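K.L.:
What follows is a predicted protein model with its sequence.
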Amino acid sequence: MKKLIYIALPILLLSSCDLDRFPLDAIAPENFYGSREELATATNKFYSLFPKAEELYGETSDIIIPTSLTDEVLGIRTVPTSGGGWSWTALSEINTYLTYSAQCKDESARKEYDALAHFFRAYFYFNKVKRFGEVPWFDHPLSSTDGLLYKARTDRNTLMANILADIDDAIQNLPATKSVYKVNKWTALALKSRIFLFEGVYRKYHGIAGYETYLQQAVDASQTFIDTAPYSIYATGSEPYLNLFASESAIDSEVILALNHKISLNIIHNRNQYFLTAGTKPGMNKKIVDSYLMNDGSRFTDNPNYKTLGYYDEMQNRDPRLAQTIVTPGYKRIGSSEVLSPDFSSTTTGYQIIKGLEGKDADGWHKSDNDISLFRTAEVYLNFAEAKAELGTLTQNDLDKSITKIRARVGMPALNMAQANANPDPYLMSSETGYPNVNGTNKGVILEIRRERTIELFDEGFRYDDLMRWKEGKTFEKQFKGMYVPALDPVKNFVVLDLNGNGVNDSKDVCIYSGNTAPNAATYPELAGVNVFLKLNDNLSLENGAAGGNVIVHDIRTKARSWNENRDYLYPIPQDQITLYGGVLTQNPNW
């Protein structure tokens, strides 16, 4: 039996309360890290760096609108006294592992698990750069007396070079065997693709030199993945997009890495409960609904009447992913034959989200246990196309081996690069509904790739980062909307939404009324089949009140939101760290 020696282990946490002694009930590092099993145990904790399920399906930004908005979207962030994401505990653990792993004489084990540590250090610093911009780089554990403990920020170019070295080591030395719950070579390639797409596009739209180098790194990583990885776009069954996310176990033909959930082990999440019950009431924003193409590839928003189409009509003949993401006419839950309409008690906008929902057995608190994707093939394909488009090197052949395959999953036609660039979509160019910062000869195809990314990766945790790198934070100031509702009858003071389009008022429909008392069938026989009554300005608000218009959520006419272009793309550094650093660490601009 190995002798336990209790010593103080230097741990870098960069916080006055985080500098701590090595736990007295743990094995000292000098007596650990001696075998493959011990390296596996030591690195297993690094997986906690990945987001929890609710952080992914609970995303908001401008695409999903819940009852409560985040401080980022509201524009009310302030400089925190402490915390604020400035935590370095995980980095300390990674660097401690890399310091002591040389004690293992099994070279193949050491290479593999060192590569895993390098993967997570790259992932850790990627998240720090996204949040704070330039941060100090540390590659070894520091003690509370180390002279480097409070060093200045490392410049962005050096940070990215170090991240590149780490992720390249991971790609070279991690196993190539598919393993949906363990980081492998292909996960590392996917992460490299993600990191350098972000960095390249962020630099391009924020005016930081050198964006081409990083976009090329994203292209190269994505290209290698496309050419050599044992993954493809899952396209089995009549609703492959829906089933990819609803599947209890991650479908590893497309999913590279997933969060493992199993109710028998009490490893669960609450996706069904989140989207199906009253409370947060998340709903898809109207501008996203409108961005889905028709199923023949034409633009829904080219219809001159698209703004005033009722729910049933607007849902006809659209990109099939729309009906596999939100409730549309004829929707049936998995394992049920009952046809359902949107439940306004569970959605702010009327566009009720069903992506990733399991059957009724998973309803309720702590009942969902389907796996949640962290990295999947479609993202890498999207990264590839966007990086090449932003570089100006995209070809139709590139689109055909990336975007076309994603669209083909649901029977959508290919994206034609020449047509997209010849006729950019005015809806996607608009400052109200699109991306006004896009310019250049590839403007049209870049907009189309952004459309594709928004739709394909909806509710997977990507949107906020995408808006940051595209420099589109001003979108948070725009009005969030829901379904279009015709004017209420001025005499009867109500209108019925024919949600199933059968021309008959029935239990699938909704009556919206004004006044203190809901209308009833005794007075209005045409309401005999209607069960759902929503009071105007109580259960929902309309753009023009009783005169109708879109459902309005978080009305900016009464409470405006703000986004500071010169400040808000980075988070503030907590004040206690500014103080602890003694002026070496400066605050982010304009905070």
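P.N.:
Ah, there it is. Just so we're clear, the structure is a prediction, and the values are computed from it rather than from any experiment.
K.L.:
For the closest residue to A40 other than its chain neighbours, list the residues it contacts.
P.N.:
Distance criterion C-beta to C-beta, 6 or more residues apart in numbering; nearest residue to A40, sequence neighbours excluded, is Y113 at 6.6 Å. C-beta coordinates here come from the backbone N, C-alpha and C atoms, glycine included. Neighbour list for Y113: 36, 39-40, 42-43, 97, 101 [criterion: C-beta atoms under 8 Å, 6 or more residues apart in numbering].
K.L.:
if I look at the residue nearest the centre of the chain, how far off is R194?
P.N.:
In the chain, the centroid-proximal residue (C-alpha atoms, centre = their mean) is G461; its distance is 1.4 Å. Shown here: G461 relative to R194, a distance of 11 Å by C-beta to C-beta, to the nearest Å.
K.L.:
Kindly report the same for T187.
P.N.:
On the measure of C-beta to C-beta, T187 and R194 end up 10 Å apart.
K.L.:
Overlap in contacts, the two.
P.N.:
F375.
K.L.:
So A546 is in contact with G515, correct?
P.N.:
No: using C-beta atoms under 8 Å, A546 makes no contact with G515, being 9.8 Å away.
K.L.:
between those two, who's got more neighbours?
P.N.:
When A546 and G515 are compared for neighbours, A546 comes out ahead with 18 against 12, by other C-beta atoms under 10 Å.
K.L.:
for that one, phi and psi?
P.N.:
In terms of degrees, to the nearest 10, the main-chain angles of A546 are phi -60, psi -20.
K.L.:
show me the contacts for it.
P.N.:
With the criterion set at C-beta under 8 Å, 6+ apart, A546 makes contact with 487-488, 490, 493, 514, 536.
K.L.:
Is the residue nearest to A40 in a helix, a strand, or coil?
P.N.:
Per DSSP: H, G, I helix; E, B strand; the rest coil, the secondary structure class of Y113 is helix.
K.L.:
cool, and Y484?
P.N.:
Following three-state DSSP, the label given to Y484 is strand.
K.L.:
again, but for F375
P.N.:
Assignment for F375 (three-state DSSP): strand.
K.L.:
now the stretch 51-200 of the chain, which segments are flagged as low pLDDT?
P.N.:
Applying pLDDT under 70 to the stretch 51-200 of the chain flags residues 143-147.
K.L.:
one more time with 90
P.N.:
Flagging of the stretch 51-200 of the chain using pLDDT under 90 yields the residue ranges 141-151.
K.L.:
Also the chain?
P.N.:
Short version for the chain, where the test is pLDDT under 90: 1-32, 141-151, 364, 580-583.
K.L.:
can you do 50?
P.N.:
By pLDDT under 50, the low-scoring segments of the chain are 1-25.
K.L.:
what ranges do the strands span in it?
P.N.:
Here the chain has its strands, by DSSP state E, at 64-65, 255-259, 283-284, 372-376, 480-485, 494-497, 510-513, 532-535, 541-542, 549-553.
K.L.:
Leaving out chain neighbours, which residue sits closest to N590?
P.N.:
N590's closest residue in space is R567 (C-beta to C-beta, 6+ apart), at 3.8 Å.
K.L.:
Tell me how many other residues surround that neighbour.
P.N.:
R567 has 16 nearby residues by other C-beta under 10 Å.
K.L.:
from memory it sits against G473, does it?
P.N.:
No: with contact defined as C-beta under 8 Å, R567 does not count as touching G473 (9.7 Å).
K.L.:
show me what contacts V180?
P.N.:
With C-beta under 8 Å, 6+ apart, V180 has these contacts: 250, 252, 255-258, 371.
K.L.:
Can you tell me which of the residues you listed lies closest to T228?
P.N.:
I256 (13.1 Å; C-beta to C-beta).
K.L.:
before we move on, back to that, among the contacts of V180, which one is most surrounded by other residues?
P.N.:
The contacts of V180, ranked by neighbours (other C-beta under 10 Å): first place I256, 28 neighbours.
K.L.:
For L488, give me its contacts.
P.N.:
494-495, 512-514, 536, 546-548.
K.L.:
Same list, those, but as a markdown table with distance to A522 please.
P.N.:
Below are the contacts of L488 laid out as a markdown table (distance: C-beta to C-beta, whole Å):
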| residue | distance to A522 |
| --- | --- |
| F494 | 14 |
| V495 | 19 |
| I512 | 19 |
| Y513 | 15 |
| S514 | 19 |
| L536 | 21 |
| A546 | 23 |
| A547 | 27 |
| G548 | 26 |
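K.L.:
Closest one of these to I267?
P.N.:
Taking the contacts of L488 together and measuring to I267 by C-beta to C-beta, the closest member is I512, at 41.9 Å.
K.L.:
Tell me, how many residues neighbour the closest residue to the closest one other than its chain neighbours?
P.N.:
Leaving aside its chain neighbours, I512 sits nearest to L534 (5.0 Å; criterion: C-beta to C-beta, 6+ apart). L534: 19 surrounding residues under other C-beta under 10 Å.
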